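# Need coordinates for the following:
(one chain, ligands or ions: 2)
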Amino acid sequence: DGTGAPAEPRPAAGLPGAAAGRRAPAPLGLVAELTHRCPLQCHYCANPVELTRQRDELDTEQWLRVLDQARGLGVLQVHLTGGEPLLRRDLTTIVAHARELGLYTNLITSGLPLDGARAAELAEAGLDHVQLSVQDADPVNADAIAGLTRLNGPTGHERKLAAAALLTAAGLPLTVNAVLHRGNVERLGAIADLAVDLGAERVELAHTQFYGWAWVNRAHLAPSDEQVHRAERDVAAARARHGDRIEITHVVADLHSGTAKPCMNGWGNEQLVVAPDGAVLPCLAAAQLPGMPVPNAVTDGLAASWHDSPAFNRYRGTDWMPEPCRSCDLREQDFGGCRCQAFQFTGDAGATDPACRLSPHHHLVHAPAPAPGPAPLPRRFTAPVPPAPGPA
Ligand code: SF4
Ligand code: FES
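Ligands and ions are numbered 1, 2, ... in the order given. So this is what the prediction gives:
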């Protein structure tokens, strides 16, 4: 049925972008998007605007076979994400199986559906690490960003704080994640302080990556240059304030830096994504790229997807690169940037990432984004009409 042991892969020579006769190295990480269901509706969500419905999700056995295949392919780490993975009732089974295979397991969660019994069960199953999202240090604003209405009882933000306490009580190492944008970046320092109070070992302060819903809402989310510069100063101040009590990671705003980010550490180089319906993708946003047949973990298998599929080979290595990347000294460090960002701005996924100041399309990142409406669109299962890619 295609879900068993990975098929023996064939050589990749002759496929577009593949270096002739050279096989891709084993992937290090699997990003397992267990579900797109989520109790939150964050405006900055990087999930695709066409979300996968529950009826199309892989079932438990299929996810366990995905993990078997990943281990067989050489994967060492699995990142369980969504949507909200805690909405899968089989999450503990999936974690336990990953640990039996010797995989490092990382859960990326909003924390809202967590209770003490679930936290203990996940720790018992061998979960290695949890990344808990917070939307802001200000509770009212945090719930507004998450699209939550503040009714009677604990707010979404308060439930996240409670989840952090449950996770640390269960002995699980905790990273607090916050996505930064125009509406919260000025409280970056307070978010770092909150992470310390929550007992996190690490806080990741990441400027919004503009894919999916975040791309649709870019006009409402994009920070100003002044906010981005101030964020750098605030991160330095937070590091000085907290010393080595917490590791503070700052994911910079590539669209403001003039440099391209090494997206996924190279296309088909280190990681692969399996979407809720089993689609195997080189990154979280690749499903939007036109003319790219997407392999499936159930019907095609992970090994064939990784080694042989046109999707994974199209932008692998450096042979596909146009100028100025082709002759640039940085091409093996940033891999020409992000294919999805190149597509979103120019309509051509094979273009140099416009975030790079050397790109002939760099001016597009400074053009005002078209706004879909007066307010950001909350993430939901009824997809809006996404803005057309390419220059207006
Ligand atoms: Fe990176 Fe290409 Fe820009 Fe060089 S030209 S810095 S390889 S994106
Ligand atoms: Fe797809 Fe960067 S998100 S290549």
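# Was I right to think Met321 contacts Leu330?
No - contact criterion CB atoms under 8 Å: Met321 and Leu330 do not qualify, at 11.2 Å. Yep, even glycine has a C-beta here, placed from its N, CA and C like the rest.
# Between the two, which is the more surrounded one?
Met321 (19 against 16; other CB atoms under 10 Å).
# you'd agree that one is in a helix?
No - with DSSP: H, G, I helix; E, B strand; the rest coil as the criterion, Met321 is assigned coil and is not in a helix.
# which non-adjacent residue is nearest it?
Gly336 (5.3 Å; CB to CB, 6 or more residues apart in numbering).
# what's the distance between that neighbour and ligand 2?
10 Å (CB to the nearest ligand atom, to the nearest Å).
# Counting neighbours, what do you get for that residue?
29.
# Next: the one 4 residues further on.
By other CB under 10 Å, 27 other residues sit near Cys340.
# Relative to Gln209, how far out is the residue nearest to Met321?
When distance is defined by CB to CB, to the nearest Å, Gly336 is 17 Å away from Gln209.
# Same question for Asp348.
Counting by CB to CB, the gap from Asp348 to Gln209 is 20 Å.
# can you give me phi and psi for the nearest residue to Ala311 once chain neighbours are set aside?
In space, and not counting its chain neighbours, Ala311 is closest to Met292: 5.1 Å by CB to CB, 6+ apart. For Met292, the backbone dihedrals (degrees, to the nearest 10) come out as phi -120, psi 100.
# Kindly report the same for the one 4 residues further on.
Main-chain torsions, Asn296, degrees, to the nearest 10: phi -130, psi 140.
# gap between stretch 263-276 and the chain center?
10 Å (CA atoms, centre = their mean, to the nearest Å).
# Start and end of it, how far apart?
21 Å (CA to CA, to the nearest Å).
# and that stretch, does that touch ligand 1?
No - Stretch 263-276 is not in contact with ligand 1 by CB under 6 Å from any ligand atom; minimum separation 10.3 Å.
# Spell out which residues of the stretch 51-200 of the chain are next to ligand 1.
So far as CB under 6 Å from any ligand atom goes, the stretch 51-200 of the chain does not lie against ligand 1 anywhere.
# wait, doesn't Ala231 sit right on Pro223?
Yes - using CB under 8 Å, Ala231 is in contact with Pro223, at 7.5 Å.
# shared neighbours of the two, which are they?
180, 185, 207, 253 (CB atoms under 8 Å, 6 or more residues apart in numbering).
# Just the pLDDT for the second one.
For Val185, the pLDDT comes out at 97.
# for the third one, same thing?
Note for His207: predicted pLDDT of 96.
# Can you tell me, leaving aside adjacent residues, what's nearest to it?
Ala253 (3.8 Å).
# So which bits of the longest helix anywhere in the chain are buried?
Secondary structure assigned by DSSP state H gives helix 225-242 as the longest helix of the chain. Neighbour-count burial for helix 225-242 flags 227-228, 231, 234-235, 238, 242 (criterion: 16 or more other CB atoms under 10 Å).
# Check stretch 260-268 too.
260-264, 266-268.
# which other residues reach that stretch?
For stretch 260-268, the external contacting residues (CB under 8 Å, 6+ apart) are 24, 254, 270-271, 282-283, 306, 312-316, 333-341, 352-353, 355-356, 359.
# out of the shared contacts of Ala231 and Pro223, who has the most neighbours?
Counting neighbours by other CB under 10 Å, Leu180 leads these with 27 neighbours.
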